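1. what's the 3D shape of this:
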Amino acid sequence: MNALDIIKIEIDRQFLLSQRQKGRIGCMHGRDKNLQKTEEGKINRLEAVTKRKKTAYTEIELTSRTVDSEVIFSPSSDSDSDAGENIPNKPLDVEKLPNSQTFLHLKIEVIKTL
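-> Modelled structure (predicted):
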C-alpha cells in the first residue's frame with residue numbers, strides 16, 4: 001500500500017510528492033535553523049540589555065549613596081542639607097525601567113542635587 005493512495009487531501013499529496021523530488025523542495029530544515037538563530041539572537045540581546053540595566057542601576061545606587069554621605073557629612077548650611085533629603089533612598093526595580101535613557105535621566109537628577 002502506498003501513502004499516496006491513503007492520503008485524501010490534495011495539498012498533503014502535493015507536499016508528499018515535493019518531498020520525493022530532487023533538491024528536497026518540501027524540506028524546511030534550513031528555515032528551522034534560521035529561525036533558531038534569530039530566536040537565540042533575540043534572547044542574547046535581551047540578556048545583554050538586562051545586564052546593562054543592572055550595571056547602570058548599581059552605578060546609580062553607588063552614586064546616590066556617595067551623594068547622600070557627602071550631603072550628610074559636609075559642613076554646610078541647612079539649605080544644602082535639605083537638598084540631600086529629596087534623594088530617594090528606596091531601591092529601584094531594574095525590570096520596570098524602560099531603557100538606558102532612564103538611567104541617564106536619573107544620573108542627571110543625582111548630579112543636579114549636588
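2. can we go C-alpha only for contacts and neighbour counts from here?
-> Will do.
3. and the helix or strand where Glu40 lies, what other elements does it pack with?
-> For Glu40, the host element (DSSP states H and E) is helix 29-73. For helix 29-73, the packing partners by 3 or more CA pairs under 8 Å, 6 or more residues apart in numbering; DSSP states H and E come out as helix 78-85, helix 100-113.
4. burial count for Glu61?
-> 19 (other CA atoms under 10 Å).
5. kindly report the same for the one 5 residues further on.
-> Taking other CA under 10 Å as the neighbour definition, Thr66 ends up with a count of 12.
6. and for Lys54?
-> Residues near Lys54, counting by other CA under 10 Å: 15.
7. again, but for the one 10 residues further on
-> Residues contacting Ser64 under the criterion other CA under 10 Å number 22.
8. so Ile7 makes contact with Arg13?
-> Yes: between Ile7 and Arg13 there is a contact under CA atoms under 8 Å: 6.4 Å.
9. so which of these two has more stuff around it?
-> Arg13 (16 against 12).
10. OK, contacts around the more buried one?
-> By CA atoms under 8 Å, 6 or more residues apart in numbering, the residues touching Arg13 are Leu4, Ile7.
11. try 10 Å
-> Neighbouring residues of Arg13 by CA atoms under 10 Å, 6 or more residues apart in numbering: Ala3, Leu4, Asp5, Ile6, Ile7, Gln19.
12. turn the residues you listed into TSV, including secondary structure, distance to Thr38 and pLDDT.
-> Below are the contacts of Arg13 laid out as TSV (DSSP: H, G, I helix; E, B strand; the rest coil; distance: CA to CA, whole Å; pLDDT from 0 to 100):
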residue	secondary structure	distance to Thr38	pLDDT
Ala3	helix	35	86
Leu4	helix	36	84
Asp5	helix	39	86
Ile6	helix	37	89
Ile7	coil	35	89
Gln19	helix	26	79
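13. among those, which ones are buried?
-> Neighbour counting by 16 or more other CA atoms under 10 Å classes none of the contacts of Arg13 as buried.
14. wait, which of those is closest to Ile43?
-> Gln19 (32.7 Å; CA to CA).
15. hang on, the earlier thing: what average pLDDT does the helix holding Glu40 get?
-> For helix 29-73, the mean pLDDT works out to 83.
16. that concludes my questions; thank you for your assistance.
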